[in-house]
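Q: only the shape, not the letters, is given here:
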């Protein structure tokens, strides 16, 4: 699978690196953290939270249950006819879908949702 840019992970990594860099600069070059109003306990907590955020940014979230029905719902803009069909990759809200069976107008996807009923495994 090709690499996809994830803005949330990027921001978490960058913030973690900036905080660690600031801790090193103030601690090493300016002779301590008293100018920042930080004591040793708060520094340990800040460093631990930064390292935790950095580590969590590498965790990949996967869906727990793949046996769910994802439904795309489309509506005809002229007559209001609504139909549902299984979701396919590439579906998005306001995407033009197949022609309306009543008047032949192009339908638009209005909703994408998970059906309450679980799919039965094949």
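A: Right, received. Where do you want to start? Given the structure is predicted, the values throughout are model-derived calculations rather than measurements. Numbers count the residues shown, from 1 in each chain.
Q: so in this protein, which helix runs the longest?
A: helix 7-28 (DSSP state H).
Q: can you give the domain ranges for the protein?
A: 7-56, 68-118 (automatic domain parsing).
Q: go ahead and name everything in contact with the lengthiest strand in the chain.
A: Secondary structure of the chain per DSSP state E: the longest strand is strand 106-118. Strand 106-118 has contacts (C-beta atoms under 8 Å, 6 or more residues apart in numbering) with 65, 67-77, 81-83, 87, 91-100. C-beta: built from backbone N, CA, C; applies to glycine.
Q: ok, now which ones touch residue 79?
A: Counting by C-beta under 8 Å, 6+ apart, residue 79 has contacts 100, 102, 103, 105.
Q: ok, now with 10 Å
A: By C-beta atoms under 10 Å, 6 or more residues apart in numbering, the contact list for residue 79 reads 100, 101, 102, 103, 104, 105, 107.
Q: coming back round to it: out of the domains of the chain, which gets the lowest mean score?
A: Lowest mean pLDDT of the domains of the chain: domain 7-56, a mean of 69.
Q: quick check: end-to-end length of that domain?
A: The first residue of domain 7-56 is 14 Å away from its last residue (C-alpha to C-alpha, to the nearest Å).
Q: burial measure for residue 9, as a count.
A: 14 (other C-beta atoms under 10 Å).
Q: for residue 94, see how far away the residue nearest to residue 17 when sequence neighbours are not counted is.
A: Using C-beta to C-beta, 6 or more residues apart in numbering and skipping the chain neighbours, the partner closest in space to residue 17 is residue 54 (7.6 Å). Separation of residue 54 from residue 94 (C-beta to C-beta, to the nearest Å): 38 Å.
Q: ok so, going back, out of the contacts of residue 79, which sit inside strands?
A: Those of the contacts of residue 79 mapping onto strands are residue 107, per DSSP E.
Q: if you count neighbours, what's buried in stretch 11-22?
A: 12, 16, 19 (16 or more other C-beta atoms under 10 Å).
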